[in-house]
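Take a look and give me a structure for this.
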Amino acid sequence: GALPSFPTGWCLGELLGDPDVVTWQFSMNEPVRGGARCNRASEAFARAALGMHSQPLFLLVDDNARRTASLSRAFEASGTHAIVPS
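Numbers count the residues shown, from 1 in each chain. Presented below is the predicted three-dimensional model:
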C-alpha cells in the first residue's frame, strides 16, 4: 500500500521489469471519494501498464464501482486484455 497510481504509473518499467501480469488494488491506494482527478490517475496507471512492451494481462481490484465501470468500458472499447471483477 501507500503507492498511489500517480506518479507510480510512470515508473512501471523500472519497478516491474517486463511482467506478464500486472495487478493493482486501487481501493488501497486511491481515495474512494477522490473524484475526477483520482479517476484520471487510475486510468493513466492502467494505460501505462497495458502499454508496456510485454503487453501484460491487467487485473484491476477496486471497490469504487464508478471508477471500475469507467475503466472497464475503456478497456473493452480498446480491446485490451484486462480482468475487471464487478
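
now the helices: where do they sit in the chain?
All helices of the chain, identified by DSSP state H, fall at 5-8, 12-16, 26-29, 35-50, 65-78.

Least reliable of those helices by average pLDDT, please.
Ranked by mean pLDDT, these end with helix 26-29 at the bottom, a mean of 68.

Can you tell me the closest non-neighbouring residue to residue 54?
Spatial nearest neighbour of residue 54, chain neighbours left out: residue 18 (4.5 Å); criterion: C-beta to C-beta, 6 or more residues apart in numbering. Backbone N, C-alpha and C define where each C-beta goes, glycine included.

same question, residue 12
Residue 12 sits nearest to residue 48 (C-beta to C-beta, 6+ apart), 5.4 Å away.

got it, and residue 41?
Once flanking residues are discounted, residue 41 sits nearest to residue 6: 3.8 Å by C-beta to C-beta, 6+ apart.

Do you know the pLDDT at residue 86?
Confidence for residue 86, expressed as pLDDT, is 60.

What does the pLDDT read for residue 18?
Value for residue 18, per-residue pLDDT: 90.

give me every residue that touches it.
52-54 (C-beta atoms under 8 Å, 6 or more residues apart in numbering).

how about JSON lines for those residues, with neighbour count, pLDDT and distance to residue 63 added?
Shown next, in JSON lines, are these (neighbours: other C-beta atoms under 10 Å; pLDDT from 0 to 100; distance: C-beta to C-beta, whole Å):
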{"residue": "52", "neighbour count": "16", "pLDDT": "88", "distance to residue 63": "25"}
{"residue": "53", "neighbour count": "7", "pLDDT": "89", "distance to residue 63": "31"}
{"residue": "54", "neighbour count": "13", "pLDDT": "88", "distance to residue 63": "28"}
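
quick check, nearest of these to residue 70?
When the contacts of residue 18 are compared for distance to residue 70 (C-beta to C-beta), residue 52 wins out at 21.2 Å.

Please tell me I have it right and that closest one contacts residue 10.
No. If you go by C-beta atoms under 8 Å, residue 52 and residue 10 don't touch, sitting 11.9 Å apart.

buried sites along stretch 63-82?
Neighbour counts over stretch 63-82 (16 or more other C-beta atoms under 10 Å) mark 64, 67-68, 71-72, 74-75, 80, 82 as buried.
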